[in-house]
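Trainee: show me the folded form of this:
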Amino acid sequence: MPLYLDDQQTMLRDTARDFIAEHAPPAHLRALRDANDPTGFSRDLWKQFAEMGFTGILIPEAQSGMGLGHVEAGVVLEEIGRNLSPSPFLTTAVAAVEALRGTAHADRHYPGILAGDTIAALAIDERAKFGDGIALAAERSGNGFRLSGTKQFVTHAHVADLILVAARTSGSETDQDGVTLFAIDAKTAALDIRPERLADSSLASRITFANIELHADAVVGDVDNGREVLNRLLAAGRTGASGELLGVGGGAMDLTVAYLKERKQFGQTIGSFQALQHRAAHLYAEMEVARAAVLKAQQLLDAASPHAGQAVAVAKAMTGLATTLSVQEGIQMHGGIGMTDEYDIGFYMKRARVLAEMFGDANYHADALARESGY
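Mentor: Next up is the predicted model:
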């Protein structure tokens, strides 16, 4: 598979780039932050995403979606990252859509996602760093289950219509089996949801499940065998986060290169200094390697390749490292003003930090690849 976009994907990229740059540039994020917006994103913009067809990219044509793939979803996510656009696209139109695919929940929730009415949140994390262990208990209760425990870092939970929850129905916290995924109607369940601002001004919540009663039809997939659905959700989420990280790193690099061309010292632009040229060239090379890794992961996911999991781990690790380099070099090459709120480069660093942690950081995925290879 060639590591470049075809004509249709290029057209989608151009459409998404123009639309998002016009309606949700970095100034949009700054305005939401300064207003201490309680939602964390624009619902009107989310409706516009739906009108553009973006929310249906991964939804099959038979269910009124566009029937496209992770490459196309990544095209949109890269532009979201490039513009720092606050949006539930990653959790809702990518991870949740993929998790619900082929289940009864798809017919129930896809129409709302297509219309831009439904927001989905992912209750996966239970500790400070992402890990594979799941302790939140789901015990049999009558014709359903009773959930007890806590989740954290649940983005958009405070405004979500649907929350996908990974719970333990049997076995111990570290067992691969015994995991079940539940789809919870956030508007009716009596959840204790406490949103907190993250470094990038987005909102994520700590959720306490205090003996929450669920009917059996809340199960996504099979009881005790939810790891398969969860892994599908995580693969889509990680690949999507990698695409958004690529946009964040690319946007930061564009800002930095533009600054090198306009800032003058000793009567000449600082971009003419060889030391900075070398650093900019190194950054460009690292971002291009990360871009190839992301596109390969997207293509293998779309092809349902047995090697997709490894490619996804590589993509998430590579974009985490490359984008961290991009934002750090951006701050350094902007000099002292890079640390001020007046310039957007600091916003890119904050967003990169949050995305790098989402669904496992570079160290997590490097360790997973090493273990899989027998190290």
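Trainee: quick one, strands of this protein?
Mentor: With strands called from DSSP state E, the chain shows them at 120-123, 137-141, 144-155, 162-168, 179-185, 192-197, 203-215, 219-220, 264-265, 268-269.
Trainee: from Leu234, how far off is Asn134?
Mentor: For residue 134 the amino acid is Ile, not Asn. 12 Å (Cβ to Cβ, to the nearest Å). For glycine as for every other residue, the C-beta is placed from the backbone atoms N, C-alpha and C.
Trainee: and this structure, what are its domains?
Mentor: 7-119, 123-225, 228-372 (automatic domain parsing).
Trainee: for the strands of the chain, which one ends up most surrounded?
Mentor: The highest mean neighbour count among the strands of the chain, using mean count of other Cβ atoms under 10 Å, belongs to strand 120-123: a mean of 29.
Trainee: paired strands for that one, with orientation please.
Mentor: strand 162-168 (parallel) (DSSP bridges).
Trainee: report the distance from the strand it pairs with to the chain centre.
Mentor: 17 Å (Cα atoms, centre = their mean, to the nearest Å).
Trainee: what of stretch 220-228?
Mentor: Distance of stretch 220-228 from the chain centroid (Cα atoms, centre = their mean) equals 22 Å.
Trainee: do the same with stretch 86-101
Mentor: Centre-to-centre, stretch 86-101 and its host chain are 9 Å apart (Cα atoms, centre = their mean).
Trainee: cool, stretch 148-167 as well?
Mentor: That offset, for stretch 148-167, works out to 15 Å (Cα atoms, centre = their mean).
Trainee: and stretch 290-303, by the same measure?
Mentor: Distance, centroid of stretch 290-303 to centroid of chain: 15 Å (Cα atoms, centre = their mean).
Trainee: check stretch 353-367 too.
Mentor: On Cα atoms, centre = their mean, the centre of stretch 353-367 falls 11 Å from that of its chain.
Trainee: gap between the two ends of it?
Mentor: 19 Å (Cα to Cα, to the nearest Å).
Trainee: what comes up buried for that stretch?
Mentor: Within stretch 353-367, the residues scored as buried using 16 or more other Cβ atoms under 10 Å are 353-362, 364-366.
Trainee: so between Ile134 and Leu234, which is more surrounded?
Mentor: Ile134 (29 against 24; other Cβ atoms under 10 Å).
Trainee: wouldn't the more buried one be in contact with Ala167 here?
Mentor: Yes. Judged on Cβ atoms under 8 Å, Ile134 makes contact with Ala167 at a distance of 6.8 Å.
Trainee: which neighbours do those two have in common?
Mentor: Jointly contacting Ile134 and Ala167 under the rule Cβ atoms under 8 Å, 6 or more residues apart in numbering are Val179.
Trainee: where exactly do the helices run in this structure?
Mentor: Secondary structure of the chain (DSSP state H): helices located at 7-23, 26-34, 43-52, 70-83, 97-100, 104-115, 227-262, 274-302, 308-334, 345-357, 362-372.
Trainee: which residues sit against the second one?
Mentor: Just to be clear, that refers to helix 26-34. By Cβ under 8 Å, 6+ apart, helix 26-34 touches 40-42, 45, 83-86, 201, 251, 344, 347.
Trainee: distance from the chain centre to it, please.
Mentor: The chain centre lies 19 Å from the centre of helix 26-34; the measure is Cα atoms, centre = their mean.
Trainee: and what of the first one?
Mentor: Between the centre of helix 7-23 and the centre of its host chain there is 19 Å, according to Cα atoms, centre = their mean.
Trainee: the buried residues of stretch 353-367 into a markdown table, with extra columns for pLDDT?
Mentor: Below are the buried residues of stretch 353-367 laid out as a markdown table (pLDDT from 0 to 100):
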| residue | pLDDT |
| --- | --- |
| Arg353 | 96 |
| Val354 | 97 |
| Leu355 | 97 |
| Ala356 | 97 |
| Glu357 | 96 |
| Met358 | 96 |
| Phe359 | 97 |
| Gly360 | 96 |
| Asp361 | 96 |
| Ala362 | 96 |
| Tyr364 | 95 |
| His365 | 96 |
| Ala366 | 95 |
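Trainee: can you list these in a markdown table and add distance to Met318?
Mentor: Below are these laid out as a markdown table (distance: Cβ to Cβ, whole Å):
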| residue | distance to Met318 |
| --- | --- |
| Arg353 | 17 |
| Val354 | 18 |
| Leu355 | 13 |
| Ala356 | 11 |
| Glu357 | 16 |
| Met358 | 15 |
| Phe359 | 14 |
| Gly360 | 13 |
| Asp361 | 12 |
| Ala362 | 8 |
| Tyr364 | 13 |
| His365 | 9 |
| Ala366 | 10 |
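Trainee: if we can go back for a sec, which stretch among the domains of the chain comes nearest Met1?
Mentor: Closest to Met1 of the domains of the chain, according to Cβ to Cβ: domain 228-372, at 4.8 Å.
Trainee: starting at the chain centroid, how far to that closest one?
Mentor: Distance, centroid of domain 228-372 to centroid of chain: 13 Å (Cα atoms, centre = their mean).
Trainee: tell me what the nearest residue to Thr155 once chain neighbours are set aside is bridged to.
Mentor: Nearest residue to Thr155, sequence neighbours excluded (Cβ to Cβ, 6 or more residues apart in numbering): Ala204, at 4.7 Å. Beta bridges link Ala204 to Thr155, Glu196, judged by DSSP bridges.
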